[in-house]
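# whatever this is, show me its structure:
(one chain, ligands or ions: 1)
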Amino acid sequence: MMPIHCPRFSCYITSLVLGANGRTGIEIVKQGLDRNYRVTAFVRDDKVLLEDSSLRKNQNLLIVRGSPTCQADVDRCVEGQDAVINVIGARLMSNDTTISSHSQVVLNNAMKKHGVKRLIVVTSYGCLGLRNYLISTKKLFSRMFMTGILKDKVLQEDIIQRDTTFLDWTIVRPITLKDGELSERYWVSSDELPSTSKVKVLTRRDLAHYLLSIINSPGEHHAIRSIAGKPRSEIVKQQSNMTEKKREVMWTTEPARQQQQQQQKEQGELERKQILLQAQQPPHMKVVA
Ligand SMILES: NC(=O)c1ccc[n+]([C@@H]2O[C@H](COP(=O)([O-])OP(=O)(O)OC[C@H]3O[C@@H](n4cnc5c(N)ncnc54)[C@H](OP(=O)(O)O)[C@@H]3O)[C@@H](O)[C@H]2O)c1
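Residues are numbered from 1 along each chain as shown. I've put the predicted structure just below:
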């Protein structure tokens, strides 16, 4: 494959992936290399990447070990990059519920210092409305761990948006992720996703595909995107099922649905404000001007 020339940047795309040994991270690395990007994989443990012989031998991949909360470690990787994709997220059982916000402060500092502007960060659809998202999570066990992780993601989103003047950011909020095939079929919305009957769990391969597809899209700067999988039958169903009667029912229930959506939105906004108010500003929140 020929190298992809990126008109916005001076040469070929070089990108830094934080959380590169995670399940989505490794997909971004692989698909980025398939697109002939030069990829720097930032990890705290390089075992998973080095075990893959095709990655180990790839000349376009640089694997760097470091801590995402260590300013010096992140600084040396950010310098010279065209874009940064951050997919770090606390492991469910880790109790490590400040890693997203903490690493984001360090990353923002590094990007400002080195004049790197393009940033794509994966948070969670739960940031749109914590309460509803947690209710929809069936396993009580997961719910217990997710509350702290989600609150930290809300804080992370706030940290990113505080640096709007410096960074060309995109925040991507996926619903539940799973391993699986690349289908290149997903819903992307600037607001809520369609009802649960129309969406499905998103594969990490599809998420990686979407993240890479917006690296060089100025239209996606300063935007928040929700994303979910799209069932194969969805388009066909939409066309064939729209009988007159259904249209009528849709029309009559639409105002109620809109009102409910509006209420949920306001509730989500209130929750976010409360989380940000309650969040103590720990030492890692010191931001370099
Ligand atoms: N899983 C879901 O259903 C879901 C739903 C919505 C959003 N998300 C978000 O989507 C992203 C990708 O999810 P995923 O399930 O593919 O992720 P994952 O496989 O759990 O990988 C998480 C990554 O974060 C790194 N990480 C975690 N804690 C760290 C720490 N304290 N210091 C340094 N690195 C740390 C991990 O490194 P190590 O390998 O070294 O631990 C790994 O690279 C995450 O941001 C996640 O929060 C996930």
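
# which parts of stretch 196-207 are buried?
Using 16 or more other Cβ atoms under 10 Å as the test for burial, stretch 196-207 gives 199, 200, 202, 203, 204, 205, 206, 207. The C-beta positions use only the backbone N, C-alpha and C, and glycine is treated the same way.

# so which of these sit within strands?
Secondary structure defined by DSSP state E assigns 202, 203 of the buried residues of stretch 196-207 to strands.

# residues of stretch 70-81 that come out buried?
Counting neighbours by 16+ other Cβ under 10 Å, one finds that the buried residues in stretch 70-81 are 71, 73, 74, 75, 77, 78, 81.

# and if you look at stretch 183-192?
183, 186, 187, 189.

# confirm the first one sits in a helix?
Think residue 183. No: assessed by DSSP: H, G, I helix; E, B strand; the rest coil, residue 183 does not belong to a helix; its assignment is coil.

# backbone dihedrals for the one residue sitting closest to the centre of the chain, please?
The geometric centre of the chain, computed from its C-alpha atoms, lies nearest to residue 122 (Cα atoms, centre = their mean), at 1.5 Å. Listed backbone geometry of residue 122 is phi -100, psi 120, with angles given as degrees, to the nearest 10.

# and residue 232, what's its pLDDT?
Residue 232 is assigned a pLDDT of 79 by the prediction.

# cool, and the one 10 residues further on?
At residue 242, the predicted lDDT confidence score is 52.

# which parts of the helix or strand where residue 147 lies are buried?
With secondary structure defined by DSSP states H and E, residue 147 is part of helix 140-162. By neighbour count, and taking 16+ other Cβ under 10 Å as the criterion, the buried residues in helix 140-162 are 145-146, 149-160.

# make a markdown table from those and add distance to the ligand and pLDDT to it.
Rendered in a markdown table, the data for the buried residues of helix 140-162 read as follows (distance: Cβ to the nearest ligand atom, whole Å; pLDDT from 0 to 100):
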| residue | distance to the ligand | pLDDT |
| --- | --- | --- |
| 145 | 11 | 75 |
| 146 | 9 | 82 |
| 149 | 7 | 91 |
| 150 | 9 | 90 |
| 151 | 12 | 91 |
| 152 | 9 | 94 |
| 153 | 7 | 95 |
| 154 | 12 | 94 |
| 155 | 13 | 95 |
| 156 | 9 | 97 |
| 157 | 12 | 96 |
| 158 | 16 | 95 |
| 159 | 14 | 96 |
| 160 | 13 | 97 |
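
# if we can go back for a sec, and which of the buried residues of stretch 183-192 is nearest the ligand?
Within the buried residues of stretch 183-192, the smallest distance to the ligand is 13.4 Å, found for residue 186 (Cβ to the nearest ligand atom).

# contact partners for the closest residue to residue 117 other than its chain neighbours?
Beyond its immediate neighbours in the sequence, the residue positioned closest to residue 117 (Cβ to Cβ, 6 or more residues apart in numbering) is residue 168, lying 4.6 Å away. Counting by Cβ atoms under 8 Å, 6 or more residues apart in numbering, residue 168 makes contact with 117, 118, 119, 218, 221, 222.

# and with 7 Å instead?
For residue 168, the contacting residues are 117, 118, 119, 221, taking Cβ atoms under 7 Å, 6 or more residues apart in numbering as the criterion.
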